[in-house]
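K.L.:
here's a sequence, model it:
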Amino acid sequence: MIACCNSVRSLNGPLPVCSRAANRRCDGRERYCTRGLESINGLLLRDRGVEQIHVHHGYFSSWIAMVAARMLGIPFSMTLHGSDLLMHAAHMNTKLRECEFCITVSEFNREHIYAHYPTVDRNKVLVQRLGVEIPANSSKKRVHALGANRVPVLLAVGRLHPVKNHVFLLRACFLLRECGVRFRCLIVGDGPERAKLEFLIQELKIADLVTMVGHVPHDDIAEYYEAADLVLLTSHSEGIPLVLMEAMAHGKIVLAPSITGIPELVEAGKTGFLYAAGDLEQFVWQVEQICKSLSALGSIGRAAREHILQNFDQYKNLAKFADVFMQRIAHSDRSHADENFVLQQI
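P.N.:
Next up, the predicted model:
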């Protein structure tokens, strides 16, 4: 059984299963994918026949998984996404050296590992794409009444955190108004930057253009994608963003910074548009041009959806992940040379 969870309160109790495809490919050995400080409770798994710990993200949880696995005398592996590798890579060299294998979500990330950690065995760094659920049909329904004078709807979805750079988006909205562009902007999400962003909206006098929607349950987010004409991303750092995948699966036009693994998802002028990160003038110009040309960009929306269908389908990629995971485990070397590893870390 493979049991995957986003957080573990206690490993004394049952773990939720979130990967049915992975379960079907398991050979009966128990493996636990943990995230969070509580994974030190892996010591309690000694009598459960656990043979592998896999952890998602390379933050502190990966260090705990590494130490817990060594305490149990079993291997650990990890999946690296974006900021965990690119911005908060504490002790990453040790984690990469000690893990049995490392899965990452983009070719950019793999090349970053090769460049910054040259002593790591390249054969154990694997790329496996993430994916999203593909909506059956991309409907034309709009859930927001725009009135008779319908204007393009811009949408940003994401946690209100400095790394998402919503300040950049708000300044762009101010400049778009100065340029005479008619639009409406919806910002879906919540987080520690909310008060700052609300203050900036008032300061820039764009409250009539920008709506802070707040948190929206994931099951309800589709209606916002359907309402949007253009989905925007302004982050400083990303892996390959699920927000862009979801928008493209709905056949929406996207505009995102040309950073990290994003160009592997968005091919400029074919499946969406890219801009130079931090270039406010270029960003504003591209939004303006896209808004003027929406009626002619249907083919890009269709190409975006097809690209997600072919390369970023959640179920197809989960099945591939399970196959790769089980193949790696089946051919792994279970020996550990340095039995004093944990004591050396304390």
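K.L.:
just give me the longest helix of the protein.
P.N.:
Among the segments of the chain that qualify as a helix by DSSP state H, the longest is helix 314-330.
K.L.:
buried set for it?
P.N.:
In terms of neighbour count (16 or more other CB atoms under 10 Å), helix 314-330 has its buried residues at Gln314, Lys316, Asn317, Leu318, Ala319, Phe321, Ala322, Val324, Phe325, Met326, Arg328, Ile329. Using the backbone N, CA and C atoms, a C-beta is placed for each residue, glycine as well.
K.L.:
for the second one, which non-adjacent residue is spatially closest?
P.N.:
So that's Lys316. Excluding its sequence neighbours, the residue lying closest to Lys316 (CB to CB, 6 or more residues apart in numbering) is Gly131, at 6.7 Å.
K.L.:
over to that neighbour: give its phi and psi.
P.N.:
phi -160, psi 170 (degrees, to the nearest 10).
K.L.:
Gln310 is in contact with that one, correct?
P.N.:
No - counting by CB atoms under 8 Å, Gly131 does not reach Gln310; the two are 10.9 Å apart.
K.L.:
higher neighbour count, the two?
P.N.:
Gly131 (22 against 9; other CB atoms under 10 Å).
K.L.:
need the contact list for the more buried one.
P.N.:
Applying CB atoms under 8 Å, 6 or more residues apart in numbering to Gly131 gives the contacts Met245, Phe312, Asp313, Gln314, Tyr315, Lys316, Asn317, Leu318.
K.L.:
got a pLDDT number for it?
P.N.:
Per-residue pLDDT puts Gly131 at 93.
K.L.:
ok, now how distant is it from Ile206?
P.N.:
35 Å (CB to CB, to the nearest Å).
K.L.:
could you do Leu160 as well?
P.N.:
With CB to CB as the criterion, Leu160 and Ile206 are 16 Å apart.
K.L.:
got phi/psi on Ala256?
P.N.:
Main-chain dihedrals, Ala256, degrees, to the nearest 10: phi -140, psi 160.
K.L.:
that one reaches Gly272, doesn't it?
P.N.:
Yes - here Ala256 reaches Gly272: they are 6.9 Å apart, a contact under CB under 8 Å.
K.L.:
shared neighbours, the two?
P.N.:
By CB under 8 Å, 6+ apart, Ala256 and Gly272 have these common neighbours: Leu244, Val266.
K.L.:
between the two, which is the more surrounded one?
P.N.:
Neighbour count, other CB under 10 Å: between Ala256 and Gly272, Gly272 has more, with 29 against 25.
K.L.:
make sure that one is actually in contact with Ile300.
P.N.:
Yes - between Gly272 and Ile300 a contact is recorded at 6.7 Å, counting by CB under 8 Å.
K.L.:
now do Pro118 against Thr104, distance only.
P.N.:
Counting by CB to CB, the gap from Pro118 to Thr104 is 16 Å.
K.L.:
for Leu80, give me phi and psi.
P.N.:
Main-chain torsions, Leu80, degrees, to the nearest 10: phi -110, psi 140.
K.L.:
please name the residues that touch it.
P.N.:
Counted by CB under 8 Å, 6+ apart, Leu80 has contacts His57, Gly58, Cys102, Ile103, Thr104, Val105, Asn109, Ile113.
K.L.:
let's see it at 6 Å
P.N.:
Gly58, Thr104 (CB atoms under 6 Å, 6 or more residues apart in numbering).
K.L.:
that one pairs with what?
P.N.:
Beta-bridge partners recorded for Leu80 (DSSP bridges): Thr104.
K.L.:
the most centrally placed residue in the chain: what's it in contact with?
P.N.:
The residue lying closest to the centre of the chain (CA atoms, centre = their mean) is Pro241, at 4.3 Å. Contacts for Pro241 (CB under 6 Å, 6+ apart) come out as none.
K.L.:
so what does it have for phi and psi?
P.N.:
Phi and psi for Pro241, reported as degrees, to the nearest 10, are phi -70, psi 130.
K.L.:
distance of it relative to Glu264?
P.N.:
Distance check for Pro241 against Glu264: by CB to CB, it reads 11 Å.
K.L.:
pretty sure Ile103 is touching Gln128, no?
P.N.:
Yes - if you go by CB atoms under 6 Å, Ile103 and Gln128 touch, sitting 5.0 Å apart.
K.L.:
out of these two, which sits in the more crowded spot?
P.N.:
Taking other CB under 10 Å, Ile103 and Gln128 do not tie; Ile103 has more neighbours (23 against 18).
K.L.:
what sits closest to Ala304 if chain neighbours are left out?
P.N.:
Using CB to CB, 6+ apart and skipping residues adjacent in sequence, the residue nearest Ala304 is Met248, 3.8 Å away.
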